[in-house]
Every structure is written in structure tokens, then in C-alpha cells.
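Peer 1: Test case, fold it:
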Amino acid sequence: MRHYLIILFTLLYSVAATGQRKCGTAIALRQRVLQHPSLQQVIDNNEKKMQLWQQRRMMRVQTEAVPQNVTIPVVVHIVLDNPDLVTDAQVLSQITVLNQDYNAANPDISQVPSVWQPVTGNTRISFCLAQRTPGDEPTTGIVRVKTTAGRSFDISGGAPDAKYTQYGGSDAWDTRKYLNIWVTRLSGNYLGVAAPAGVGYPVEQEGVVVLYTAFGTTGSVGRIYNLGRTTTHEIGHYFGLRHIWADDSGGCAADDGISDTPVQGDNTYGCPSFPQTDNCSPNFPGIMFMNYMDYTDDACMHLFTAGQAGRIRDVLENTVSSLMSSEGCTPVVLPENDAALTAVTGATGKRCDNRILPAVTLRNKGTRPLTSVRILYRLNNSALVNYNWQGNLPSLQSINVPLPASQVAVGAYNLQAYTQSPNGQPDANVANDTTTSRFHFDAEVQLPFEEGFEQDSFPPPGWDLYNPDRSFTWERDRNVGHNSQASALVRNKGYNVNDQTDDLLTPVIDPQGHDSVFLFFDVAAAVYSNPDMTGNVWDTLQVLVTKDCHQTGAVAYKKWGKNLITRPIAVLDEFIPTNNEWRRDSVDLTALVGRDKFQVAFRNISNAENNIYIDNIRIVTKDINPELRQAGVLVHPNPTDGLVWISFYERPADLQQVNLYNAAGQLISSRPGNAIGANNRMTFNLVNEPNGVYFVKLIYRNRANTIKLMKVR
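Peer 2: Below you'll find the predicted structure:
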């Protein structure tokens, strides 16, 4: 047995012809390692653990009985434009195949050549469609989602978009209690892709994704991949198995890490006759092309070996052992009266107003309609607030229940709410009565405002992070700054999904008493791709102004590509700017802020290019002449010796004309109303006019205003 290799800097994959089996697991894992180099260490460590588990297992074989039979709960997410294309019968046919294949009970196992029958493996793992949800409610174990993606899902990164509702997929059930299978369309002619347990995928992405025409044995299943072996193959990957030829592009330097599978140079297509040899196994019996981890047609796949079955059990018993104790296969017996609280709204995260309007999601988990329940809640250790709800909530339905409002001071809060006496009876399951949430209300800050990220805490006090995908986001770099020791950055090079949005929000700022608001900040950025590339989708930095606690936002600044970067060449390693690779940018926020309290959001939109840094943030004001503020319009200087400015406190929407007359009433100069500049003023030049009295006439839609002006030298 030779060591397993991940070949990172060769061609990632040779694309098979249309109609031949293609699995995306190896290429997806390689892509993740390229994007997250530290994952290679995770994979190497995982391989070492597997070798250790194997040694321990081989020692136990001498003294212990065969492993116990276990049943794993499965949830099947059908994510299609028409999810009814995959019927319940088709799903059940796939479960049947899994139970046969993983217990060496498949009807075609007799076709395993006699030379390899002694090494045929039985994992003693069975699968059931889940009968209870993570919330302990009855289920069929089948989730149907009409996808909003409008496309096939890309296998890059393990087809992550299929696994999140917000991207047109279906959110995973707890992957430590359920094996998640997503059935959908895959681009690139791929039949499936796995996100194996324990190799660095986000835990909520672990599971397998299978093409809907290669799933099960009936219904929408296709002609060649019609016996459910694609799912058998991908779940093998999930439990730590590699392709039998080790994905080393025809070489013999690597194998699959299993001692009882012959070394094999490349994948096998179609349905060849036995025996088949290659340059790695040139002698009889040759290669094990009928193994579930090869690429032959479904009808020619027949076995796992004992070594493969052992590795599957090793991963199950050590990496995802919680699957063995999951209650997902146990039916739920609902009591008559059970009122549960499942969520809190209106009192989570950052609150921008001291008046809190909490609401709870009330769910009837009893068999009887819920007509009344007592709901109590408190903030921190304050007195309980009581609310008596009445209505008619059917079994297994939910309703949002507003609770009495509270006013809070600046600080952090824990809200605890719970139910009592559903339908006037004792609650049969007090374990689901209570829900909690945390929120904070921060003091508003005044202008000018500055932040350089020099403190250890991040985000800084009063700031907030918005990280919807719970992946890479804004973080503090304590070693890189512009004329400082620290900054904030997003490591876009590490992202494996495009268009992810992450916001870093300032505290709430009160601009009252100031006439204008300006933002200044330092930025440093680079890209992985050639900056001169056309048609590329780049990382983007935006600045938004939000006046409703981040519910909406107006874009004040947006840069990407060559307009954003501060190093003009492609950077293949992680970008770390020198002190000279920063730029000072400024944004006039006045028009977006107005007179309202606001927050500034620094938004990173990732497209897997490279790091973006910000530092030395300053939000400042420029106050206007008090005479202008009072009068609304000011002609100055008055008297003048030449140039004259007509300044407006706010840009008048109905100004049509501004005329300049001499004392005799002769028109000297004229400007249209829309000639007001960005600084809310226009100019006249009296340098060549004689000394004396002049008049500025402002003509509005329904009125006029005349202001006297003196010219002196």
C-alpha cells in the first residue's frame, strides 16, 4: 500500500465524454485545497488518523466479534424546478439499494469474480428515511424544494449552493444526526459529488449531492446509471473512501489507501469483461473494475472490499459517531397538549432603538388544536412579563406572537421566553417550552468619529458584523495597517463561493447640528486574476448608508477590479500590502445621510480574488455659515471686489433662473437653475463691472427673491 497523494498543480481532472460516469468529489476537494491551502494539513492529519484506526481495527478483529448493525437516518432534499419529478417511490428504491449494497446483500453480488469473493466487505450499515425532524416532529424524510436558482448546480466546492435555501437549495438537517442527500441537477455532466466528513468542509455542507437522473432505480432515473450505484459511490466518499485508482491520472505512485484493493492506474468505463489488467496491475486478476468506487456502469458495480467496509466503519465510529445514536429513525408520538417556542424576532443582534418589540414563534406540537397558552418573558433578571394568548392553532402549525414592548438602556441583554398551560392543561413536553435570544443596544456616537482597529476586540465596541454564510468575513489583522499596527480585512482568496456578501457596520451616528458628513478611509486590495482580464467578475468593495438598522442601505461608493486594487499585478499568494500600497478614499455622505441617524456599512462582495483591507476610518463634518443655515440662500462676499457666490443651504428643486442686474435694471448675467454645482452654489464674475449697486434675482416656479449686492474696489 502506498501513500495517498493529492496532486495540486497538475490538471485537475480529465473530462470524460458525455455519457460516461463523472464524479466531482476529487476535483471539488482539490479546488478547496487550492483555495484554502491549510486544508491540506487537515487532510493529511485525517489520513494519519485513518491509518491508526485501521491498525486498531485489525487488532480488534483478533479478539472481538463482527461490528454491530447500525441504522443511519437519511434526509433526501429534492431540489428541482419541479421537485415532484422524483417520486417517493424513487427515493425508497434508492434506500433499498443502499441497504443491499452496504450489507453485501445486493442481488448481483454473485457476479463478483471468485478470486475476489473472499474479500467482499459488509459494512453492517443500514439506512432509513428519517421519521423525525431535528425539532422532533413527524416526517417522511423527504424535503421538496422548488429551486429558485433557475440552473444546474456547479460541483465546485461540493455544490454548496444546493445546500442553502438562500441560494436556491435546501438547508441541511443537523449533519451530526442525519445523512443529508441532495437530489438535483448538476452542471458539467457530473453524476454526483460528496462533501466527506472530517476533511474541512463546513459541517452544514457535509453529505452527498446526486444527479436526479442517477438516483434510485425508477421514476426519473436514466438508462445506464439506473441501479442506484451513484449514491452508493458518493456515500462511500462521504465515509472516507477514495476512487479505486486514487485520481493520479494514470500513474501507479498512489493508491486508494486500502490494502485489499489492487493498484489501478485509471478509471474504468462501461461494462468490461473479467479479467482486465493495466500497467499497475498487469497480472491476473488485474483491476477490480466492479468495485463501487470505480466508474463502470451501474450494472457492473458489485462490491466494497472488506478493507473499504472497515474504513467506512472507522469514519462512522470516529468522525460521525453521533449518527449511530441519532433518534432520526424513531417515530414521533405526539402528545395531546404541547406548546413550543421555536424562535424570537425583534430582539436579536444589534438594536438601533431602545424600544424593543419582541415576538416569538409559537408552534403547536400537540395533537389537539391549541386555543390558549400563557407566554412569559423577561430581559436579563428583570420581572417576568406575562401574555395570555388565545386563538386556534392546528397541530404542527406555527404563528408569530407579538409580546408587550419594553424599553432598554444601553447594554447587552438576554431574552428568555417560555410557555405554560397549553389549553389550560400541563405541558406534556417542557423541554421545548423555552427559547432565548441575545441582543444589544449601544450608545450613539457623535461626529467626528474615528476607528483604526488598534484595540484587540473585533468588531470594535458598537460595531457589528453581517456574515450570512457564516464563512469568511471581516476580521482584524493585528500585523498589517497603514501607518499603524492593525486593520480590518476579508480574505477573499479563501472563498469558494462567488457573490458572498459581508458587512462591517459602524455604530449608530447622530449627525444633528452638522450640515455635511464626509467619510475618509484607507484601502488596500489586490486580485488573483490578471487585472487586465475582460469579463471577469471581481471582488467588490462598497460603502452603504443605512438609516434603519441595516434593513436597507443606499450605496455611496463602489469599486472593483482596477479601480479598487492598489497593487497593479496579479497576486497569486495571499496579498499583504506594504505601507506604500494603500490609497486614501473619500466619500461625501451628505445627500444620503440628511438629518437622520445613520450607520456606515463597509460591504465586501467576494469573487475569490484576494484580500481587501480597510483602515483609519474617519467620519467628519463641515459646518455651514450660520447665516446661510438661517436664510437658506446667501450671496457672498457682500460687498465684493469681483467674484460672487450664491450658496444654497439645500438644493432648491423649483429654482428656474438666477439673474444679475445693475442699478439701472440691465441684465448683466444669467444662469439656469440647474447650474448649481455639487457644493450647492453658483458663481458670477463682476471683475470687469464698475463699482456700484447690483441685484441678484432668484426666480422660482411660483415666486422670486431679490438680494442687493455691492461692488467696491
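Peer 1: Over to Gln55. Which of the three states is it?
Peer 2: Secondary structure for Gln55, judged by DSSP: H, G, I helix; E, B strand; the rest coil, is helix.
Peer 1: Where does pLDDT dip in the protein?
Peer 2: Counting by pLDDT under 70, the low-confidence segments of the chain come to 1-19, 35-36, 61-65, 149-150, 496-497, 678.
Peer 1: at 50 instead, please
Peer 2: In the predicted model of the chain, residues 1-18 satisfy pLDDT under 50.
Peer 1: what about the helices in it?
Peer 2: Counting by DSSP state H, the chain forms helices over residues 25-35, 39-61, 88-101, 229-238, 306-318, 322-325, 590-593, 626-631, given from the N-terminal end onward.
Peer 1: What helices and strands are in contact with the first one?
Peer 2: Going back to what we said before, that points to helix 25-35. Applying 3 or more CB pairs under 8 Å, 6 or more residues apart in numbering; DSSP states H and E, one finds that helix 25-35 contacts helix 39-61, strand 192-195. Heads up, the C-betas are built off the backbone N, CA and C, glycines and all.
Peer 1: Mind giving me the packing neighbours of the longest one?
Peer 2: Think helix 39-61. Here helix 39-61 touches helix 25-35, helix 306-318, going by 3+ CB pairs under 8 Å, 6+ apart.
Peer 1: now the angle from the longest one to helix 39-61?
Peer 2: Read it as helix 306-318. For helix 306-318 against helix 39-61, the angle between stretch directions is 110 degrees (axes from the mean of the first three to the mean of the last three CA atoms, to 10 degrees).
Peer 1: Just want the angle from helix 306-318 to helix 229-238.
Peer 2: Interaxial angle of helix 306-318 relative to helix 229-238 (the same axes, to 10 degrees): 60 degrees.
Peer 1: who touches helix 306-318?
Peer 2: Residues from elsewhere that reach helix 306-318, judged by CB atoms under 8 Å, 6 or more residues apart in numbering: 49-50, 53-54, 57, 67, 70, 72, 102, 119-125, 197-198, 236, 239-241, 257-261, 291-293, 304, 323-324.
Peer 1: Show the buried residues in the residues you listed.
Peer 2: When those are checked for burial by 16 or more other CB atoms under 10 Å, the buried set is 49-50, 53-54, 57, 67, 70, 72, 102, 119-125, 197-198, 236, 239-241, 257-258, 260-261, 291-293, 304, 323.
Peer 1: if we can go back for a sec, save the helices and strands packed on helix 25-35 as TSV, and put in distance to Cys252 too.
Peer 2: Putting the helices and strands packed on helix 25-35 into TSV (distance: least, CB to CB, whole Å) gives the following:
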stretch	distance to Cys252
helix 39-61	19
strand 192-195	25
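Peer 1: Of all the ones you listed, which one is nearest Arg470?
Peer 2: Using CB to CB as the measure, strand 192-195 is the one of these that comes nearest Arg470, at 15.4 Å.
Peer 1: helices or strands next to that closest one in the packing?
Peer 2: Of the remaining helices and strands, those touching strand 192-195 by 3+ CB pairs under 8 Å, 6+ apart are helix 25-35, strand 207-211, helix 229-238.
Peer 1: Let me know the angle separating the longest one from strand 207-211.
Peer 2: This means helix 25-35. Regarding helix 25-35 and strand 207-211, their directions subtend 120 degrees when assessed with the same axes, to 10 degrees.
Peer 1: Cys352: which of the helices of the chain is closest?
Peer 2: Ranking the helices of the chain by distance to Cys352, with CB to CB as the measure, places helix 590-593 first at 14.7 Å.
Peer 1: Can you give the contact residues for the closest one?
Peer 2: Counting contacts by CB under 8 Å, 6+ apart, the residues outside helix 590-593 that touch it are 511, 515-518, 545, 547, 554, 556, 598.
Peer 1: If we go by neighbour counts, what in it is buried?
Peer 2: For helix 590-593, a neighbour-count test (16+ other CB under 10 Å) marks 590, 592-593 as buried.
Peer 1: Check stretch 694-709 too.
Peer 2: Of the residues in stretch 694-709, those scored as buried under the neighbour-count criterion (16+ other CB under 10 Å) are 694-696, 698-699, 709.
Peer 1: Stretch 347-365 too?
Peer 2: Result for stretch 347-365 [16+ other CB under 10 Å]: buried residues 347, 350-352, 356, 358, 360, 362-365.
Peer 1: Can you give the distance from stretch 120-131 to the centre of its chain?
Peer 2: The gap between the average C-alpha position of stretch 120-131 and the chain average comes to 32 Å, counting by CA atoms, centre = their mean, to the nearest Å.
Peer 1: Just the endpoints, please. Distance across it?
Peer 2: The first and final residues of stretch 120-131 sit 31 Å from each other (CA to CA, to the nearest Å).
Peer 1: So that it lines up with my notes, have the first residue be 30 from now on.
Peer 2: Yes, from this point I'll number from 30; that puts the last item at stretch 149-160.
Peer 1: For the residue most central in space within the chain, which non-adjacent residue is closest in space?
Peer 2: Geometric centre of the chain, nearest residue: Asp498, 2.2 Å, by CA atoms, centre = their mean. Sequence neighbours aside, Gln529 is the residue nearest to Asp498 in space, at 5.3 Å (criterion: CB to CB, 6 or more residues apart in numbering).
Peer 1: So that neighbour is in contact with Ile634, correct?
Peer 2: Yes: with contact defined as CB atoms under 8 Å, Gln529 and Ile634 form a contacting pair (7.2 Å).
Peer 1: Next up, the contacts around Met739.
Peer 2: Each residue near Met739 by CB under 8 Å, 6+ apart is listed here: 667-669, 721-723.
Peer 1: Now tabulate the residues you listed in JSON lines and tack on distance to Asn296.
Peer 2: As requested, these are exported to JSON lines (distance: CB to CB, whole Å):
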{"residue": "Asn667", "distance to Asn296": "87"}
{"residue": "Pro668", "distance to Asn296": "91"}
{"residue": "Thr669", "distance to Asn296": "86"}
{"residue": "Gly721", "distance to Asn296": "95"}
{"residue": "Val722", "distance to Asn296": "95"}
{"residue": "Tyr723", "distance to Asn296": "90"}
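Peer 1: Tell me which two of the residues you listed sit farthest apart.
Peer 2: Using CB to CB, the two most remote members of the contacts of Met739 are Asn667 and Gly721, lying 13.3 Å apart.
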